[in-house]
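Dropping a prediction and its sequence here:
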Amino acid sequence: MAAALPEPFSAWFARQGWTPRAHQLRLLAGAAAGRSVLLVAPTGGGKTLAGFLPTLVALHAAPRAGLHTLYVSPLKALAADIARNLMRPVGELSLDITIATRTGDTPAAERRRQRAAPPNILLTTPESLAVLLSAPEAAAAFATLSAIVIDEVHALAGSKRGDQLSLSLARLATLAPAARRIGLSATVAHEAPLAAYVSPDGSGNDVDRIKVSDGAPPAITMILPGDRLPWSGHMGLAAAPEILARIRSAGMTIVFVNTRAQAELLFQELWKLNEPTLPIAIHHGSLEPEQRRRVEQAMAEGRLRAVVATSSLDLGIDWGGVDQVLQVGAPKGVSRLLQRIGRANHRMDEVSRAVLVPANRFEVLECEAAIAGVAAGALDGEAPRPGGLDVLAQHVLGTACAGPFFPDALYGEVRRAAPYAALSRQDFDDVVAFVETGGYALAAYERYRKLFRDAEGRLHVRSERIARQHRMNIGTIVEQPLLKVRYAGRGGGTLGEVEEYFVNMLTPGDTFIFAGRLLRFLGLRETVCEVADGGGGDPKVPAYAGGRMPLTTGLADRVRCMLQDASTWGAFPAPVREWLTMQKICSGLPGRNDLLVETFPRGERFYLVAYCFEGRNAHQTLGMLVTRRMERFGMVPLGFVATDYVLACWSAREPTGVARLFEQDMLGDDLEAWMAESSMLRRTFRNVAVIAGLIERHLPGAEKNRRQVSVNSDLIYDVLRRHQPDHILLRATRADAAGGLTDVGRIAALLARVRGRVRHRVLSRVSPLAVPVLLEIGRESVRGEEGEDLLLEEAELVAEAMDAPRQGWLL
Amino acid sequence: MTLAPLHLVGERLMLDPAGALVWPAQRLLAVADLHFEKGSAAASRGSLLPPWDTRVTLDRLAALLRRHAPRTVVALGDSFHDAAGASRLLAADAARLAAMTAAADFVWVLGNHDPAPPEGIGGISTPEWRAGPLVFRHQAVAGAAGEISGHFHPKAQVPVRGTLVSRACFVADARRVLLPALGAYTGGLDVRDAAIARLFPRGGRIFLLGRERLFSFAYAAARSLPPAPPR
């Protein structure tokens, strides 16, 4: 079955001291047979080279001009690195193969060169591919294509970028029907949907699956802060001395954290203790790309002992030489933890070493559950959801920009993309109608249509101006408004970008921590946040909306199981065992299939704590819905706070008949009413409207103010909701809201699961398990949605204090 | 719905939380920046925004007319998003507007978006309009007193309990009032922007629009929004 590696490749492998791996040879054989393949392998398995080997062999045997292989990666930097890595065998074997990258950073002159003389191998990103496919010359340029390599498929499938790529791949299958595909993926929970994703017909039946074993299971341990186990908090700073000791004991360590704010704080804390001045760096997605590259370079050269990093280091090339991985704070999911652990010891024959550092008691449970999950190989992660209709809208217009199409043919083509396999004709037609005239029930825009139909029924883009405008707006990443952080003065260096929202909260003179430095805010200069070093006071830390991953369903389930089963408690440290035992005595433990709700008085208020374990996003939404109901039942709710594990509400009156607060019907009218006002729904709608092209990010000749886009989308949302609630973009918004920021899907599952099984404990005081969430109150922003209530409160407080004249303002 | 009283050069005025000004003594209602047909203007440039903006704005205007039954309605300019706006009104919307202008005396103050008087919709047009000690114009003039104007679409954000709440607002001092925009698709200009700030050198008050009432703050309580990137 597996072909041997032909010369001169086998000799070249031998010179490197490599033996061809079984999966590399199987890929070669599959390619020779024209089969598409999904290769699932842990990082460090020589995956990427395996993906290119068939191309190199084929082009060596039969050199030719024109595009042969397209490589798509989720990261621009990865495309560039892979290009460099490919140059080596190509150079050393003197192969007659041309290679080029095409990303958003590619200069115009280089693009022109690529158009005139396409390279044999083109490395690109989903966005740049969509731009290439929207050009009239796309059909000719891609006709010669023989192979498509899709890297990090697991990171793309299930996301909007993945939806976009799947549609581009379906287009390529029409332009170059013979092109086979190779999907490269890390180990995942749902392999079949990934095979379908890679599949040219969307079924997955035409894809060979090659799985490389994960090698030795990783060795995972847990360390706790020396003196005491915190009750709350997520930063894990208490364990800094232990973390530093671990860094000292190993050659090179990646310290993974969950948020950028946590990265900044832990980095500061480590340096306070870092008396031997070990080279420790910081890496996260808001830092200036140049600075990130310098850190990566230093890692590759072995000049660092540790990097404090967020998910910005989850993907990407292997740096090698990483001896251990530390995860500070809850791991949030088994697959995510494995991906991070895989960053250590990329040699297949060695055991990866990882250390978990929980930041609080609940996280101890979560860490134990994750260790058990890794041992059981219980990968988690949601199965990919259906493709977004907003992305489809963008694709429909892009397709029209390349040339006229028959709707029937495009519908057939789109359904060969796995995320759209189940797309209904009605939804497709509605999307096309949206692209044509906005798809409004009020037919007002006939004369402004973007597409027109010719006599044969083909759809054409109306003008070159519309096509040009569209190409400027391709892409599915909608950024929050960001402001650059720069040192004041001429030639002041840029440190990175922070969310505009954070800067709005700063007053000149305030200090904050960013890029591992203590900075003083001087002021805004155009769109730049100007800073200087130093300053005193209590520094703020930029926090980012949606920066936290919620706990996965699988891991939540494990935590619930462990709580129920006291025989598993032996693994826990003594303070945790004691804590759970006390909870059992004072109240009760949350069951696997019920919902424990405690109510108790404290101070002037009544508290209601529900142990849902559905993740922070779902709890946030649930909090909005439950407090609405409490309001209706006269319980006078005052606020709520959500963690990954529990929801706590407080009220002026005692909550009674608690089960009715968790009835499934809240997902009907209450949800609808909340959606009308929810800022999260508005944010979701804004993303949908931008991706679908209702709102343009870039207008020819002018950079549209991004804040204004956000304002406009709110106004549009209000008008559309009122006049056409079933509009295709509102349908797309609701579909997005089922996951993501609002996570309505998980609430629905929870309410169904616990129906008739709400276990209400009326307590006289706070229970041990409820202490952590009560400590979160005051730390978390509470009821962030209800601007109206906040305004009222503020205005009344001010009125009280100032004794404002009731007869009117004398000005 | 609670209106906020406001005294300006000896006249007692009322601010409506929907974003309009009422002069009870004269049974006069003033509204600003309706921007009718902004949606279709965007559509003609390739952004197919939902087409109901004129209808929504008319709904707001109709509610104000019902609530206050004014004898005179002064629209403070930019009533139409562009000079051709009136000609793009859908028949149903044009009929509603005609019914309104038949029921009250409409004064269309001209704005920078609609410098020509609208045709065939009733009412009179004028660059500015005076009544007693008050002057109604589109854009405020430095040094004016008793002036009621629109143009800027003022909007403010106020820090409350660790978060910022951002709303359209009135801005007022003892000499003038700026009205928020009433149009469905009208964005806002930060009240701290220099263009507004220089009209209120000694500060003043801002009144943020709420569902049922206005929320009053000192002008200085508003926090600056970052300025727009260069166009």
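Noted; the coordinates are in hand. Numbers count the residues shown, from 1 in each chain, chains lettered A, B, ... in the order given.

Which residue lies nearest the spatial centre of chain B?
Compute the mean C-alpha point of chain B, and by Cα atoms, centre = their mean the closest residue is B:Ala32, 2.3 Å away.

what's the domain layout of chain A?
A:9-211, A:219-375, A:482-533, A:587-792 (automatic domain parsing).

now those domains in a markdown table, with mean neighbour count?
For glycine as for every other residue, the C-beta is placed from the backbone atoms N, C-alpha and C. Listed next are the domains of chain A as a markdown table, based on neighbours: other Cβ atoms under 10 Å in any protein chain shown:
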| stretch | mean neighbour count |
| --- | --- |
| domain A:9-211 | 19 |
| domain A:219-375 | 20 |
| domain A:482-533 | 17 |
| domain A:587-792 | 19 |
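
which residues touch A:Gly381?
By Cβ atoms under 8 Å, 6 or more residues apart in numbering or on different chains, the contact list for A:Gly381 reads A:188-190, A:333, A:335, A:552.

quick one: strands adjacent to the longest strand along chain B?
In terms of residue count, the longest strand belonging to chain B (DSSP state E) is strand B:163-172. In the sheet, strand B:163-172 lines up against strand B:154-160 (antiparallel), strand B:176-178 (antiparallel), strand B:205-209 (antiparallel) (DSSP bridges).

among those, which is the most enclosed?
strand B:176-178 (a mean of 26; mean count of other Cβ atoms under 10 Å in any protein chain shown).

Does the following helix or strand past that one reach chain A?
Per DSSP states H and E, the first helix or strand lying C-terminal to strand B:176-178 is strand B:189-190. No: under the criterion of Cβ under 8 Å from any Cβ of the partner chain, chain A is not reached by strand B:189-190; the shortest gap measures 9.7 Å.

tell me the mean pLDDT over strand B:189-190?
Averaging pLDDT along strand B:189-190 yields 88.

And it, what does it pack against?
strand B:154-160, helix B:194-197 (3 or more Cβ pairs under 8 Å, 6 or more residues apart in numbering or on different chains; DSSP states H and E).

Could you count how many residues lie near B:Leu90?
17 (other Cβ atoms under 10 Å in any protein chain shown).

Hmm, it is touching A:Ala444, no?
Yes: counting by Cβ atoms under 8 Å, A:Ala444 is a contact partner of B:Leu90 at 6.2 Å.

Can you show me the CA trace of the strand or helix carrying A:Ile220 as CSV?
Assigned by DSSP H and E, A:Ile220 falls within strand A:219-222. Output in CSV follows, covering the C-alpha atoms of strand A:219-222 (Å, rounded to 0.1, in the frame of the first residue of the first chain):
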residue,chain,number,x,y,z
ALA,A,219,2.3,13.6,32.4
ILE,A,220,0.1,16.2,34.1
THR,A,221,0.5,17.4,37.7
MET,A,222,-1.1,20.2,39.7
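
Distance from the chain centre to that strand, please.
26 Å (Cα atoms, centre = their mean, to the nearest Å).

strand partners of it, parallel vs antiparallel please.
strand A:353-357 (parallel).

What are the contacting residues of whichever helix or strand comes after the strand it pairs with?
Sequence-wise, the next helix or strand downstream of strand A:353-357 (DSSP H and E) is helix A:361-375. With contact meaning Cβ under 8 Å, 6+ apart, helix A:361-375 is reached by A:217-218, A:220, A:222, A:224, A:229-231, A:234, A:329-334, A:337-338, A:341, A:356, A:358, A:380, A:551, A:554-555, A:558-559, A:562-563, A:568, A:571-573, A:575-576, A:579, A:643-645, A:772.

The helix or strand that helix A:361-375 is followed by near chain B anywhere?
Scanning forward in sequence from helix A:361-375 by DSSP H and E, the next helix or strand is helix A:389-402. No: interface with chain B: helix A:389-402 contributes nothing (Cβ under 8 Å from any Cβ), its closest point being 10.8 Å away.

what sits against the residue lying closest to B:Gly146 once chain neighbours are set aside?
Once flanking residues are discounted, B:Gly146 sits nearest to B:Val9: 3.9 Å by Cβ to Cβ, 6 or more residues apart in numbering or on different chains. Applying Cβ under 8 Å, 6+ apart to B:Val9 gives the contacts B:133-134, B:145-146, B:174-175.

just checking, what packs against the helix or strand where A:Tyr411 lies?
Here A:Tyr411 sits within helix A:407-414, counting by DSSP H and E. Helix A:407-414 sits against helix A:160-175, helix A:389-402, helix A:425-437, with contacts defined as 3+ Cβ pairs under 8 Å, 6+ apart.

Kindly reformat those as TSV containing mean pLDDT.
Shown next, in TSV, are those (pLDDT from 0 to 100):
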stretch	mean pLDDT
helix A:160-175	97
helix A:389-402	98
helix A:425-437	97
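
Could you measure from A:Ser249 over to A:Asp510?
Plainly put, A:Ser249 is 38 Å away from A:Asp510 if you go by Cβ to Cβ, to the nearest Å.

what sits against the residue nearest to the centre of chain B?
B:19, B:75-78, B:149-151, B:179-182.

Among these, which pair sits farthest apart?
Greatest spacing in the contacts of B:Ala32, by Cβ to Cβ: B:Gly19 and B:Gly77 (14.9 Å).

Settle it for me: which of these two has more neighbours?
The residue with more neighbours, out of B:Gly19 and B:Gly77, is B:Gly77; 27 against 23, by other Cβ under 10 Å.

How about the contacts made by that one?
So, once contact is read as Cβ under 8 Å, 6+ apart, B:Gly77 ends up touching B:32-33, B:108-114, B:137-139, B:150-151.

who wins for neighbours among those residues?
B:Ala32 (34 neighbours).

Give me the nearest residue to that one, chain neighbours excluded.
According to Cβ to Cβ, 6+ apart, the nearest residue to B:Ala32 is B:Gly150 (2.7 Å).

For that neighbour, give me its contacts.
Taking Cβ under 8 Å, 6+ apart as the test, what B:Gly150 contacts is B:32-33, B:76-78, B:111, B:138-139, B:178-179, B:181.

roughly how far apart are the closest residue to A:His395 other than its chain neighbours and chain B?
For A:His395, ignoring the flanking residues on the chain, the nearest one in space by Cβ to Cβ, 6+ apart is A:Leu167 at 4.3 Å. Taking Cβ to the nearest Cβ, to the nearest Å as the measure, A:Leu167 falls 21 Å from chain B.

all helices for the stretch 601-750 of chain A, in order.
All helices of the stretch 601-750 of chain A, identified by DSSP state H, counting those that start in this stretch, fall at A:616-632, A:669-677, A:679-692, A:706-723, A:728-737, A:744-753.

what's the closest of those helices to B:Phe170?
Of these, nearest to B:Phe170 by Cβ to Cβ is helix A:706-723, at 18.3 Å.

Which of the helices and strands packed on strand B:189-190 has the lowest mean pLDDT?
Taking the mean pLDDT of the helices and strands packed on strand B:189-190, strand B:154-160 comes last: a mean of 83.

In the sheet, which residues pair with the closest residue to B:Pro159 other than its chain neighbours? Tell me.
Closest residue to B:Pro159 apart from its sequence neighbours, by Cβ to Cβ, 6+ apart: B:Arg223 at 5.8 Å. Counting by DSSP bridges, B:Arg223 is bridged to B:Gln157.

How about the longest helix anywhere in chain B, which residues are buried there?
Counting residues, the longest helix found in chain B (DSSP state H) is helix B:53-68. For helix B:53-68, a neighbour-count test (16 or more other Cβ atoms under 10 Å in any protein chain shown) marks B:53-58, B:60-61, B:64-65, B:68 as buried.

For A:Thr101, give me its contacts.
A:79-80, A:83, A:122-124.

Kindly recompute the last result at 7 Å.
A:79-80, A:83, A:123-124 (Cβ atoms under 7 Å, 6 or more residues apart in numbering or on different chains).
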